[in-house]
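Participant: Got a predicted structure here, sequence first:
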Amino acid sequence: MEHEKDYQISFLDNKLLIKDISGKYEIDLKKRLLEFAINTMKFIMTLPNQKEFDVFRYQLSKSATSIGANYREAQTSTFPEFIQKTRIALREANESNYWFEIIKELKIGNEKNIEALYKESNEIALILGAIASKADRKRRQKNAK
């Protein structure tokens, strides 16, 4: 994956370590996911209050807030559960991307905010995908021994 060039993801005593090699990204993933959820909720509050947009508000609020909740739960889980919860967080990030794409195409809401949130949800999905893949490889290596 492309972002693996910027991140070194490793595990020490089953604890996730993310090192930013490029200096381009914020490393505190928990904080980053919390800020994404908050910024998404603030954006949702600016959408037109029309019934046909209720689905966007509901689905996007669920998916954007679920990313961080699942990632935090993964931090206190067993290693197999960690992988599962991280993959759930990844699916939620991809779902958020979907809703931002629709909102963007319909040209509702602030275009700059949509673009920034869409870009952030894509980056989050890439990071979570790399974490899940690396954890999966580690699990397979452990099981092969």
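Facilitator: Nice, I can see it. Residues are numbered from 1 along each chain as shown.

Participant: tell me the mean pLDDT for stretch 85-92?
Facilitator: Per-residue confidence for stretch 85-92 averages out to 96 on the pLDDT scale.

Participant: Figure out the helix or strand that R140 lives in.
Facilitator: The secondary structure element spanning R140 is helix 111-144 (assigned by DSSP states H and E).

Participant: Summarise which helices and strands that helix is packed against.
Facilitator: strand 7-12, strand 15-20, helix 29-44, helix 54-75, helix 79-106 (3 or more CB pairs under 8 Å, 6 or more residues apart in numbering; DSSP states H and E). In short, each C-beta sits where N, CA and C put it, glycine included.

Participant: Quick check: chain neighbours aside, which residue is closest to K30?
Facilitator: Spatial nearest neighbour of K30, excluding adjacent residues (CB to CB, 6 or more residues apart in numbering): R72 at 6.3 Å.

Participant: Hmm, the one you found is touching L29, no?
Facilitator: No. Under the criterion of CB atoms under 8 Å, R72 lies out of contact with L29, with a separation of 9.8 Å.

Participant: Which one's more surrounded, these two?
Facilitator: Looking at R72 and L29 with other CB atoms under 10 Å, you find the greater number of neighbours at L29, namely 20 against 16.

Participant: buried residues in the helix holding R140?
Facilitator: 113-114, 117-118, 120-135, 138 (16 or more other CB atoms under 10 Å).

Participant: Check stretch 35-45 too.
Facilitator: Within stretch 35-45, the residues that qualify as buried by neighbour count (16+ other CB under 10 Å) are F36, A37, T40, F43, I44.

Participant: for stretch 98-112, same thing?
Facilitator: Within stretch 98-112, the residues that qualify as buried are W99, F100, I103, I108, G109, counting by 16+ other CB under 10 Å.

Participant: would the last one count as being in a strand?
Facilitator: Which is G109. No. With DSSP: H, G, I helix; E, B strand; the rest coil as the criterion, G109 is assigned coil and is not in a strand.

Participant: can you pull the contacts of the residue positioned nearest the centre of the chain?
Facilitator: The chain has I124 as the residue nearest its centroid, 3.8 Å off, counting by CA atoms, centre = their mean. With contacts defined as CB atoms under 8 Å, 6 or more residues apart in numbering, the neighbours of I124 are R32, L33, F36, I67, A93.
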